[in-house]
Each structure stands twice: as structure tokens, then as C-alpha cells.
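fold the following and give me the result.
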Amino acid sequence: MEVKKIWLGKVSVREHIYKKALRKKESLGIVHGSEYMFIPYEKLKTAKTYTDQSFKSKYNGKEY
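Predicted coordinates:
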């Protein structure tokens, strides 16, 4: 998965991407520019962080 921006030093992964990796029992790789982060499947199962804040997409106006 390629990430175009980092907000306040954090990467946001959409829930459907996270759930797809869990469903397929796959690890998740995140790329930002020349940096790469690998999250093993075992950590994906236990390390999910939610936020109570919702955001509005600047492209289609939908909340996520």
C-alpha cells in the first residue's frame, strides 16, 4: 500500500485495507516515498488503534 501523506507523524490506513489483510491472513507493507514499513500479520491482529474523530474526504465529501 502506498501512502501519499503523513499527518502529525502518523500514517492512516483505511479500515477496508486493514480488514482485507486480516481476511487474507497477510502482512501489511506501507510505502511513503523511499521509506517502507512492514507490519506482520500477528501484530495486525492485536495492534489496531481507533480514533473517535471522523474525517471528510476532500474528493467526494464522504466521511471516514
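
let's check: the centremost residue of the chain is which one?
Residue closest to the mean C-alpha point of the chain, counted by Cα atoms, centre = their mean, is V13 at 1.3 Å.

shouldn't it be in contact with I30?
Yes: at 7.0 Å, V13 counts as touching I30 under the criterion of Cβ atoms under 8 Å. Placement of C-beta: from N, CA and C, glycine included.

mutual contacts of those two, please.
Common neighbours of V13 and I30, using Cβ atoms under 8 Å, 6 or more residues apart in numbering, are M1.

rewinding a little: which SS state does the residue nearest to the centre of the chain fall under?
Secondary structure state of V13, per DSSP: H, G, I helix; E, B strand; the rest coil, is coil.

next one, pLDDT for it please.
The model reports V13 with a pLDDT of 80.

and if you look at T49?
T49 is given a pLDDT of 62.

give the buried residues for whatever helix or strand K45 lives in.
In this structure, K45 sits in helix 41-46 according to DSSP states H and E. For helix 41-46, the neighbour count (16 or more other Cβ atoms under 10 Å) marks L44 as buried.

report the rounded mean pLDDT for it.
Helix 41-46 comes out at a mean pLDDT of 85.

quick one: contacts of it?
So helix 41-46 is in contact with 18, 21-22, 25-28, going by Cβ under 8 Å, 6+ apart.

who is K56 paired with across the strands?
E63 (DSSP bridges).

again, but for L28
In this entry, L28 is beta-bridged to I39, by DSSP bridges.

so how far is the helix holding K45 off the chain centroid?
Helix 41-46 has its C-alpha centroid displaced from the chain centroid by 13 Å (Cα atoms, centre = their mean, to the nearest Å).

C-alpha coordinates for it, CSV please?
The C-alpha coordinates for helix 41-46 follow below in CSV (Å, rounded to 0.1, in the frame of the first residue of the first chain):
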residue,chain,number,x,y,z
TYR,A,41,0.0,-10.4,10.3
GLU,A,42,0.4,-11.4,14.0
LYS,A,43,0.7,-7.7,15.0
LEU,A,44,-2.2,-6.7,12.8
LYS,A,45,-4.5,-9.0,14.8
THR,A,46,-3.7,-7.2,18.1
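
that'll do, ta.
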